[in-house]
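Trainee: Please work out how this folds:
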Amino acid sequence: MSRWFLGSCLILATLVETVLWGVRSGPGWLLLVATGFLLSQFLRWKLERPGNAWANWLWLGATGLGASPFLYHAELVHWVAPPLCFTTLVLACYHTVALPRPLEALTTTTLCSWGSASEAVHMASSQLPRLSPSTFKGLGMALPLLMLFGLLFVQADPAFQGFLTSWLGDSPRLLLGRLLRWSLWAWLGGAIWLEARFDCNPQPNDRDGSGDPASWAVALHATNLLFVTFLGCQARYLFAGLAPAGMTLAEYARHGFFELFVATLLVVALVVWVQGATYRTENGRGALLACQGLLLLTFGLVASSTQRMTLYVQNFGLTLTRAYVLAALIGIVATLVLCCWALAQGRSPQWLRARLLLLGMLSLTGVGLTNVEAWVARTNLARNQVDLAYLQGLSSDIAPALEGRKELLAAVLVHNPPRDWREFSWSYYSAQRRKQAGL
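Mentor: Residues are numbered from 1 along each chain as shown. Next comes the predicted model:
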């Protein structure tokens, strides 16, 4: 069985090195997810593991994140989606191959522990098949032959020389980076295999909190009072469509948006922390009520942030940054609703953290599968004054919004054309078809 697992890890690592690393991958990540799913399901069948609902959600997120670079050509998608897809893929493989632990217990597993590297090395020395003396002798004899013929082939064919240079790297730094990536694959594979080999399945850590609920209640109620004061000021000016003296409403809306956005994120983190510190403690209801009040007041911060951004877009247009911020506000609303429901139902801190992680992953997947640049283009083209220079700097994803604008579409297609099949994207292909059809 260890040979099957070793072969699976080598297949995944080789796929990453050949069709993903160093390119703006289009179908490569989707191919990686499909390969990882098939291999992990085969290993789960060999190990006779039952199915896992957590793994199904993780595979759904990995598929969406892997499909984003294939569907869209936007630069931000190709920067953000691959690392998120890789992280989600590792978690999905882990929950499929290893014991079906709930996501709440992830931090207690070998995958995230400091001793997993040494345990994986010990496992490899004891579980993997050993090479015979004849094999070692043959490898030693093959080394000078490979070097001799390799040098001859490099001198004979420049294409072969370019292939070796691109794969091995033309500097020690690139070669070291490749070795580090292979070491990462070995560590991940060893950690997952170690969890799959040994039947240790502890229950999720659902301990009581150790904080002082009375102190937290006082601190949160004081914070709530500050929030009420701030929202009262917002109701007087921004929500009423007015601005302080000497400022226009658009100028007033420009200031403070990102500060309010950060404050909203800090509120979520604070509530999660306080819930963990006061969970099932004596007299913890006061802190719980204060958390619920803070969450309800935070909805007012979200409304203020949305109002500010809406006015800003109406006066200055929509950019990618503002579009993603608006999408983040939708995700924050869903996060606040989940936190309020978890506190009202008395859910454990581990339950809430796991669902917040799953909600964040699915939210990022939804944003990755949305054509944000086309939305930005439609919004800006509907304005009286259009910043064509900004639209030309976007990718071919805006092609559906450029009906009847052939010159603008041609200028957009000049940027970042795919170099080979690994960088293919459906968005760029569709834009080329539109250009040829004269749409």
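
Trainee: Next secondary structure element downstream of the helix or strand bottoming out on mean pLDDT in the chain?
Mentor: Ranked by mean pLDDT, DSSP states H and E, the weakest helix or strand in the chain is helix 116-127, scoring a mean of 54. Once helix 116-127 ends, the next helix or strand along the chain (criterion: DSSP states H and E) is helix 133-156.

Trainee: contact partners of that following helix?
Mentor: By Cβ atoms under 8 Å, 6 or more residues apart in numbering, the surrounding residues in contact with helix 133-156 are 160-161, 164. Just so you know, the C-beta spots here come from the backbone N, C-alpha and C atoms, and that holds for glycine as well.

Trainee: And that helix, what's buried?
Mentor: Buried residues in helix 133-156, counted by 16 or more other Cβ atoms under 10 Å: none are found.

Trainee: can you check stretch 15-28 too?
Mentor: For stretch 15-28, by 16+ other Cβ under 10 Å, it's 15-16, 19-20, 23-28.

Trainee: For it, the averaged confidence score.
Mentor: Per-region confidence: stretch 15-28 scores 76 on mean pLDDT.

Trainee: how long is it end to end?
Mentor: Using Cα to Cα, to the nearest Å, the end-to-end distance of stretch 15-28 comes out at 8 Å.

Trainee: How far off centre is that stretch?
Mentor: 17 Å (Cα atoms, centre = their mean, to the nearest Å).

Trainee: Residues contacting it, please?
Mentor: 29, 31-32, 35, 69-70, 78, 82, 166-167, 178, 181, 185, 416, 418-425.

Trainee: Got a quick ChimeraX command for the buried subset of these?
Mentor: In ChimeraX, a selection of the buried entries from the contacts of stretch 15-28 looks like this (16+ other Cβ under 10 Å):
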select :29,31,32,69,70,78,82,185,416,418,422,423,424,425
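
Trainee: pLDDT below threshold where in this protein?
Mentor: 1-6, 21-22, 99-131, 163, 166-172, 174-175, 187-188, 190-210, 236-257, 438-439 (pLDDT under 70).

Trainee: Most widely separated two among the buried residues of stretch 15-28?
Mentor: Leu15 and Arg24 (16.6 Å; Cβ to Cβ).

Trainee: thinking again about what came up before, and the contacts of helix 133-156, which is closest to Ala269?
Mentor: Comparing every one of the contacts of helix 133-156 with Ala269 (Cβ to Cβ), the shortest separation belongs to Leu164, at 48.7 Å.

Trainee: Number of residues surrounding that closest one?
Mentor: Neighbour count for Leu164, taken as other Cβ atoms under 10 Å: 13.

Trainee: repeat for Leu357
Mentor: 14.

Trainee: what secondary structure does it sit in?
Mentor: Each residue gets one of three states, and Leu357 gets helix by DSSP: H, G, I helix; E, B strand; the rest coil.

Trainee: Need the outlier residue of this protein, farthest from its centre.
Mentor: Ser134 (46.6 Å; Cα atoms, centre = their mean).

Trainee: need the contact list for Leu391.
Mentor: Residues in contact with Leu391 (Cβ under 8 Å, 6+ apart) are 377, 380-381, 398, 408, 412.

Trainee: For it, grab phi and psi.
Mentor: According to degrees, to the nearest 10, the main-chain angles of Leu391 amount to phi -70, psi -30.

Trainee: quick one: contacts for Thr63?
Mentor: By Cβ under 8 Å, 6+ apart, the contact list for Thr63 reads 30, 33.

Trainee: The spatially closest residue to Gly276 that is not a sequence neighbour: neighbouring residues, count only.
Mentor: Closest residue to Gly276 apart from its sequence neighbours, by Cβ to Cβ, 6 or more residues apart in numbering: Pro349 at 3.8 Å. Number of residues near Pro349 (other Cβ under 10 Å) recorded here: 22.

Trainee: Residue numbering should commence at 42 henceforth.
Mentor: Let's use 42 as the start, then, which means that last one is Pro390.

Trainee: how far away is Pro390 from Glu323?
Mentor: From Pro390 across to Glu323, the span is 17 Å (Cβ to Cβ, to the nearest Å).

Trainee: now swap in Cys381 and tell me
Mentor: 24 Å.

Trainee: Same question for Arg463.
Mentor: 60 Å.

Trainee: quick one: which of the buried residues of stretch 56-69 is nearest to Phe271?
Mentor: Taking the buried residues of stretch 56-69 together and measuring to Phe271 by Cβ to Cβ, the closest member is Arg65, at 43.5 Å.

Trainee: what about the closest one, is that helix, strand or coil?
Mentor: coil.

Trainee: Make CSV from the buried residues of stretch 56-69 and add distance to Leu193 to it.
Mentor: Shown next, in CSV, are the buried residues of stretch 56-69 (distance: Cβ to Cβ, whole Å):
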residue, distance to Leu193
Leu56, 30
Val57, 30
Val60, 28
Leu61, 31
Val64, 30
Arg65, 35
Ser66, 34
Gly67, 36
Pro68, 35
Gly69, 32
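
Trainee: Check which residues of the host helix or strand of Tyr353 are buried.
Mentor: Assigned by DSSP H and E, Tyr353 belongs to helix 326-357. The neighbour-count criterion (16+ other Cβ under 10 Å) identifies 327-329, 331-336, 338-350, 352-354 as the buried residues of helix 326-357.

Trainee: quick one, what contacts Gly401?
Mentor: 372, 376.

Trainee: Just to check, Phe465 is in contact with Pro459?
Mentor: Yes: using Cβ atoms under 8 Å, Phe465 is in contact with Pro459, at 5.6 Å.

Trainee: how far away is the residue farthest from the centre of the chain from Met182?
Mentor: 10 Å.

Trainee: Residue ranges of each domain in this protein, please.
Mentor: Domain assignment of the chain by automatic domain parsing yields the ranges 43-169+182-238, 254-388, 423-478.

Trainee: Dump those into JSON lines; add distance to Gly409 as well.
Mentor: Below are the domains of the chain laid out as JSON lines (distance: least, Cβ to Cβ, whole Å):
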{"stretch": "domain 43-169+182-238", "distance to Gly409": "4"}
{"stretch": "domain 254-388", "distance to Gly409": "10"}
{"stretch": "domain 423-478", "distance to Gly409": "12"}
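
Trainee: for those domains, which one sits closest to Ala395?
Mentor: By Cβ to Cβ (comparing all of the domains of the chain), the closest turns out to be domain 43-169+182-238, at 4.2 Å.

Trainee: Kindly tell me how buried Gly273 is, as a neighbour count.
Mentor: 10.

Trainee: So it: helix, strand or coil?
Mentor: helix.

Trainee: Dead centre of this protein: give me the residue that sits there.
Mentor: Leu125 (2.8 Å).

Trainee: so how far is Gly105 from that one?
Mentor: 10 Å.

Trainee: joint contacts of those two?
Mentor: Gly409.
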